[in-house]
Every structure is written in C-alpha cells, then in structure tokens.
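Visitor: Structure for this input, please:
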Amino acid sequence: MAGVRFTDLQSRSTAFLDCTSLTLDEFQQLVPPFEAAFHARMTAWRLDGKPRTARRFTVYEHCPLRTPEDRLLFMLAYLKTYALQVVQRRLFGMGQRTAHHWIHVLLPILLAALRALGDAPARSLTALAQRLGIAEADAATVVDALEEDPAPVTPVPAAAPASPLLPMTGRNGVSSVPKTLRNRRHVRAARKRTIR
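Guide: Residues are numbered from 1 along each chain as shown. Now for the predicted structure:
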C-alpha cells in the first residue's frame, strides 16, 4: 500500500509547502538534526515505546517510512493538518496502529531537533524574552497586547430570520431506546423487531 513520499513531493514546491508549511530548503536544513535525534531515541527505545534490550534499530525493507525525509514529511504533515490517525495512515500507506506508533515516536524527536536548531517554541515568558533579546517586562507587555486585541466581531443584521434548523435541533423527550441493564446475566444487544 503506497502512500505520499518525499520523492513524489520534492519536485512540486507548492504542494510541498502546502503539506509541510516549509520550503524545500528549510526542510533540508531540518533533516540532519531530526535524523540524529531519531537515531538517538531508537538506540534506547523501540517503536512501541518499550526500552530496547536485544537488537539495535534497523530500517526494514518494507518499513512505511524508510528514509529520514519520509519520516519528517510524515510528522510535519500531521502537525500541519492534525489529521486523524485513520487519515494519516491512508496518506502514508500503513496500518493505523503503525501510524499511532510513528506519531508518538516522531513528535518528541521533532521537538528535540527543533531545540537543537534553536527553533523550538518558547514555553515561558523568560524563554521568550531571551529569544527576542529584550527584558522580561517588555516581553510581558508584548504578550499582554496580543491577548488584549479582541477578534473582530461581525455584526449580525437585526432582521435576520431565525434559523430553520433551530427547531429541529432542540431537545427531544425521553429516548425510546430500551436501557441496557448491566446487573443482569444476559444483555440483549439488538431490538426484538425491525423498525421500518
């Protein structure tokens, strides 16, 4: 089951930018620290999150993410779209369990690579002030100004008719579905008769 690969997207710069939010040059700069962080993690941990005890990590022939570029593309596409694991597995041609494992392995690796490059997001006011090269009080005023800017509100016309869906989505009465009694020995999982 083949899926999206780096070799397919690298020649199409617009599609590559759409999938990753990075240009090809920015992507290529991120690959070496990402791969170094990947190998550092995989020497100590297995793909399923358990400690590595017996064999060292090798990329198998049928691995869905064989190259470092494919692994980074997988993670950046996931972060750009926040797709469900079902969608991510379809895009990259793997099982859902495998996609789940890869997401949870590659996310901390990407963060470690970004930290190594000095591009990780600032998680505190002190770190933000250091990154911007300003005093912490000045950084606080910048953050406060960003938080105080309200989102633009579009006025609703006064003569707008009520939505036709409103009466349809109101609360209904008590459900007609029989309750499942859990203290019984046998539980019926289907209706007795068919509803037409």
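
Visitor: Please count neighbours and contacts with C-alpha atoms only from this point.
Guide: OK.

Visitor: all strands for the protein, in order.
Guide: Remark: no strands are assigned in the chain by DSSP state E.

Visitor: Low-confidence stretches in it?
Guide: Residues of the chain that meet the criterion pLDDT under 70 lie in 1-2, 145-182, 184, 187-192, 195-196.

Visitor: now the helices for it?
Guide: 6-9, 13-20, 24-44, 68-81, 85-92, 96-117, 125-132, 136-148 (DSSP state H).

Visitor: Columns distance to T53 and mean neighbour count on top of these, output as CSV?
Guide: Below are the helices of the chain laid out as CSV (distance: least, C-alpha to C-alpha, whole Å; neighbours: other C-alpha atoms under 10 Å):
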stretch, distance to T53, mean neighbour count
helix 6-9, 32, 14
helix 13-20, 35, 16
helix 24-44, 8, 16
helix 68-81, 24, 19
helix 85-92, 28, 18
helix 96-117, 17, 17
helix 125-132, 37, 15
helix 136-148, 45, 12
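
Visitor: now those as JSON lines including distance to K50?
Guide: Shown next, in JSON lines, are these (distance: least, C-alpha to C-alpha, whole Å):
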{"stretch": "helix 6-9", "distance to K50": "29"}
{"stretch": "helix 13-20", "distance to K50": "29"}
{"stretch": "helix 24-44", "distance to K50": "9"}
{"stretch": "helix 68-81", "distance to K50": "20"}
{"stretch": "helix 85-92", "distance to K50": "21"}
{"stretch": "helix 96-117", "distance to K50": "11"}
{"stretch": "helix 125-132", "distance to K50": "32"}
{"stretch": "helix 136-148", "distance to K50": "40"}
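
Visitor: which one of those lies closest to T58?
Guide: Closest of these to T58 is helix 24-44, at 9.1 Å (criterion: C-alpha to C-alpha).

Visitor: Which elements pack onto that closest one?
Guide: With contacts defined as 3 or more C-alpha pairs under 8 Å, 6 or more residues apart in numbering; DSSP states H and E, the packing partners of helix 24-44 are helix 13-20, helix 68-81, helix 96-117.

Visitor: which one of these lies closest to R90?
Guide: R90 lies closest to helix 96-117 among the helices and strands packed on helix 24-44, at 8.4 Å (C-alpha to C-alpha).

Visitor: Would you mind getting the angle between the closest one and helix 24-44?
Guide: Angle between the axes of helix 96-117 and helix 24-44 is 110 degrees (criterion: axes from the mean of the first three to the mean of the last three C-alpha atoms, to 10 degrees).
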